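Asker: this one's structure only:
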């Protein structure tokens with residue numbers, strides 16, 4: 001039976017849909033179909049990312065209608081700016097390496113081990129990722145700063161040191177590695193590694209030659225996301241670094257909000273674009289070299305009880321790491337929210353229902369409902385845009401599509417401060433007069449969620465064996481039905497992971513939202529930052545209380561999704 005560009009003849013003699021071997025959806029006229037899938041994501045990023053960022057850059061580099069590109073050399077020639085660039089780069093590399101070192105064992109444990117409390121612990125490790133970075137920085141400051149737990153027990157202070165920044169970055173990004181790598185690891189067929197052992201390979205060699213190449217795209221995706229988040233770190237460095245350390249994001253904020261120097265901020269934004277472009281190019285090259293067709297199985301069949309001293313020791317190491325780096329800082333948040341001048345109690349929580357403090361036009365408790373509504377809308381947008389983009393990128397293609405892939409990742413590496421200011425400057429005239437619309441907030445949140453959807457779904461989509469689709473087409477299935485019957489059951493897990501990540505980052509997005517959230521509809525991160533910025537024990541306690549509520553809301557949401565995963569044996573959440 002002939003297969004190829006002329007199509008495949010169905011059993012009843014009718015011409016079936018064209019079938020192409022390899023990865024990607026079995027759609028007719030693949031190039032046209034891919035362009036159709038790319039249309040909405042391209043339009044979304046052009047209008048709500050490229051246009052606002054270009055507006056703020058133009059505002060900074062144009063004087064009297066003429067471009068002043070000489071300003072770029074002037075800014076980059078400053079010694080203090082060079083110091084910022086150097087620190088931003090090396091701390092991001094160090095943070096990424098340390099996160100991979102500590103989190104990859106956790107990814108293996110969650111993927112391959114079955115132990116009591118696994119669902120709860122899976123939710124716990126994800127909670128830090130939704131917390132605003134300003135909350136993360138404050139939690140670590142209370143833990144390792146002056147008067148913190150470490151200072152009281154051992155007389156050691158780590159605040160204003162680079163170690164405080166690196167550990168806080170691990171705390172924040174641990175879940176990225178565990179979820180992204182562990183989600184694929186749990187679906188890898190362990191029998192492939194066992195077959196290598198039967199043929200005489202040692203355990204280490206079997207893992208190195210069979211499992212590691214299969215995990216390569218997921219590890220690269222996780223490393224990319226961690227690097228971009230640490231490269232643009234703001235709240236953590238601002239609080240823990242003190243006046244000594246500053247990233248590009250911190251410097252952009254200082255130049256725009258404090259010094260009103262949009263020209264310098266525009267130059268630094270362009271530097272971020274260039275740096276992120278290089279990182280994405282290296283990542284794309286790495287993924288293309290490591291891609292392979294994987295044999296995916298139901299994740300519920302791969303987890304086993306830990307056996308032997310080695311596996312139990314690994315589980316103990318992961319539990320100790322989670323307790324020290326994640327549970328302890330979260331515990332500090334709860335403790336500080338209950339520690340009132342009159343003793344431990346819920347006084348700070350009770351004050352959240354009142355406007356007596358004057359920080360908001362509405363009670364701070366309203367920020368919870370606002371954040372949940374915004375996050376749901378942002379997640380829906382991110383799934384639609386990211387899902388279409390991931391499907392378009394499934395098949396290997398030329399430079400145009402690879403450039404499209406890199407474009408979709410740019411929001412993770414571009415200053416959220418720049419995006420927020422850009423929204424205010426660019427989206428204030430018809431037909432895009434959205435500055436007063438509530439819809440502007442979920443749009444900004446979805447910009448950060450879309451890359452997570454793409455990076456989570458893409459490795460699994462590319463790993464689906466194209467021969468399964470060919471078999472479905474031979475049996476008469478339409479392209480849509482083939483995708484529904486073949487691809488969807490295999491990628492449903494990745495889809496749930498993507499939805500969870502998009503929801504999480506939407507809840508915790510702060511950099512852009514702080515400029516566009518309305519005073520009568522604040523989000524939780526904006527409310528926390530506002531309270532932190534006001535003096536007094538009451539405001540600090542309310543900020544801790546809101547941070548704790550945000551943590552609990554996230555944990556409950558993730559536990560509910562864990563329930564869905566357990567019932568249907570799908571999904572990382």
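Answerer: Yep, it's here. Treat the numbers as computed from the prediction; the structure is a model and nothing was measured.

Asker: backbone phi and psi for residue 86, please?
Answerer: Residue 86 adopts backbone torsions of phi -70, psi -50, taken as degrees, to the nearest 10.

Asker: okay, it: pLDDT?
Answerer: Note on residue 86: pLDDT of 93.

Asker: can you report how many residues neighbour the closest residue to residue 137 other than its chain neighbours?
Answerer: Nearest residue to residue 137, sequence neighbours excluded (Cβ to Cβ, 6 or more residues apart in numbering): residue 239, at 3.2 Å. Heads up, the C-betas are built off the backbone N, CA and C, glycines and all. Neighbourhood size, residue 239 [other Cβ atoms under 10 Å]: 24.

Asker: correct me, but residue 239 touches residue 134?
Answerer: Yes - the criterion here is Cβ atoms under 8 Å, and residue 239 meets it with residue 134 at 6.7 Å.

Asker: next one: the residue positioned nearest the centre of the chain from residue 503, what distance?
Answerer: In the chain, the residue lying closest to the centroid (Cα atoms, centre = their mean) is residue 452, at 5.1 Å. From residue 452 over to residue 503 the distance is 10 Å, taken as Cβ to Cβ, to the nearest Å.

Asker: check residue 340 too.
Answerer: Residue 340 is 32 Å from residue 503, by Cβ to Cβ.

Asker: more neighbours, those two?
Answerer: Comparing residue 340 with residue 503 by other Cβ under 10 Å, the one with more neighbours is residue 503, at 27 against 16.

Asker: just the element for the more buried one, please.
Answerer: helix 488-508 (DSSP states H and E).

Asker: buried stuff in that helix?
Answerer: 490-491, 493-508 (16 or more other Cβ atoms under 10 Å).

Asker: could I get the average pLDDT for it?
Answerer: For helix 488-508, the mean confidence score works out to 79.

Asker: packing partners of that helix?
Answerer: Using 3 or more Cβ pairs under 8 Å, 6 or more residues apart in numbering; DSSP states H and E as the contact test, the elements touching helix 488-508 are helix 118-130, helix 162-185, helix 366-392, helix 440-463, helix 524-532, helix 537-568.

Asker: where in the stretch 301-450 of the chain is pLDDT low?
Answerer: 301, 356-361, 395-403, 413 (pLDDT under 70).

Asker: and residue 62, how many neighbours?
Answerer: A total of 13 residues lie near residue 62 under the criterion other Cβ under 10 Å.

Asker: how about the nearest residue to it, chain neighbours excluded?
Answerer: Per Cβ to Cβ, 6+ apart, closest to residue 62 is residue 68, 7.1 Å.

Asker: how about the contacts made by the one you found?
Answerer: 61, 62, 263 (Cβ atoms under 8 Å, 6 or more residues apart in numbering).

Asker: now residue 415
Answerer: 232, 248, 249, 252, 253, 268, 269, 272, 511.

Asker: you'd agree the third one is up against residue 229?
Answerer: In this case it means residue 249. No - with contact defined as Cβ under 8 Å, residue 249 does not count as touching residue 229 (10.3 Å).

Asker: the protein: strands as residue ranges?
Answerer: 62-63, 66-67, 339-340, 343-344 (DSSP state E).

Asker: helices of the stretch 151-300 of the chain, start to end?
Answerer: Secondary structure of the stretch 151-300 of the chain (DSSP state H, counting those that start in this stretch): helices located at 162-185, 190-198, 203-206, 212-231, 235-240, 248-253, 262-290.

Asker: so which of these is nearest residue 347?
Answerer: The closest of those to residue 347 is helix 235-240. By Cβ to Cβ, the value is 25.0 Å.

Asker: what's that closest one in contact with?
Answerer: Under Cβ under 8 Å, 6+ apart, the answer for helix 235-240 is 132-138, 140-141, 159-160, 164-165, 168-169, 172, 245-247, 249-250, 253, 510.

Asker: chain center to stretch 108-127, what's the gap?
Answerer: In terms of Cα atoms, centre = their mean, to the nearest Å, the centre of stretch 108-127 is found 19 Å from the chain centre.

Asker: please identify the buried residues of that stretch?
Answerer: For stretch 108-127, burial by neighbour count (16+ other Cβ under 10 Å) applies to 108-113, 119, 121-127.

Asker: let me know the closest of these to residue 477.
Answerer: Nearest to residue 477 among the buried residues of stretch 108-127, with distances taken as Cβ to Cβ, is residue 111, at 31.7 Å.

Asker: was I right about that closest one contacting residue 304?
Answerer: No - Residue 111 is not in contact with residue 304 according to Cβ under 8 Å; the separation is 10.8 Å.

Asker: re the thing from before, tell me which of the strands of the chain is the most buried.
Answerer: By mean neighbour count, with neighbours taken as mean count of other Cβ atoms under 10 Å, strand 339-340 ranks first of these at a mean of 15.

Asker: ok, that one: who's next to it in the sheet?
Answerer: strand 343-344 (antiparallel) (DSSP bridges).

Asker: mind listing what the residue nearest to residue 531 when sequence neighbours are not counted touches?
Answerer: Spatially, and ignoring its direct neighbours in sequence, residue 531 is nearest to residue 543 (3.7 Å; Cβ to Cβ, 6+ apart). With contacts defined as Cβ under 8 Å, 6+ apart, residue 543 is in contact with 135, 138, 528, 531, 532.

Asker: filter those residues to the buried ones?
Answerer: 135, 138, 528, 531, 532.

Asker: I figured the fourth one hits residue 546, correct?
Answerer: Right, residue 531. Yes - using Cβ under 8 Å as the test, residue 531 is close enough to residue 546 to be in contact (6.9 Å).

Asker: shared neighbours, these two?
Answerer: Joint contacts of residue 531 and residue 546 (Cβ under 8 Å, 6+ apart) are residue 364.

Asker: what pLDDT does residue 178 get?
Answerer: Taking residue 178 on its own, its pLDDT is 90.

Asker: and for residue 54?
Answerer: 86.

Asker: do residue 551 as well
Answerer: 79.

Asker: what is the neighbour count of it?
Answerer: Residue 551 has 21 nearby residues by other Cβ under 10 Å.

Asker: do the same with residue 277
Answerer: Residue 277 has 16 nearby residues by other Cβ under 10 Å.

Asker: identify the residue spatially nearest to it, adjacent ones excluded.
Answerer: residue 406 (6.6 Å).

Asker: tell me, how many neighbours does that neighbour end up with?
Answerer: 15.

Asker: what does the one 4 residues further on give?
Answerer: The tally of other residues near residue 410 (other Cβ under 10 Å) stands at 20.

Asker: apart from its neighbours in sequence, what residue is nearest it?
Answerer: In space, residue 410 is closest to residue 276, 6.0 Å off (Cβ to Cβ, 6+ apart).

Asker: what of residue 71?
Answerer: Residue 71 sits nearest to residue 263 (Cβ to Cβ, 6+ apart), 5.2 Å away.

Asker: returning to what we had before: wait, the residue nearest to residue 277 touches residue 280, no?
Answerer: Yes - with contacts counted by Cβ under 8 Å, residue 406 reaches residue 280, the gap being 4.1 Å.

Asker: okay, now the unreliable bits of the stretch 451-573 of the chain?
Answerer: In the stretch 451-573 of the chain (pLDDT under 70), the answer is 557-573.
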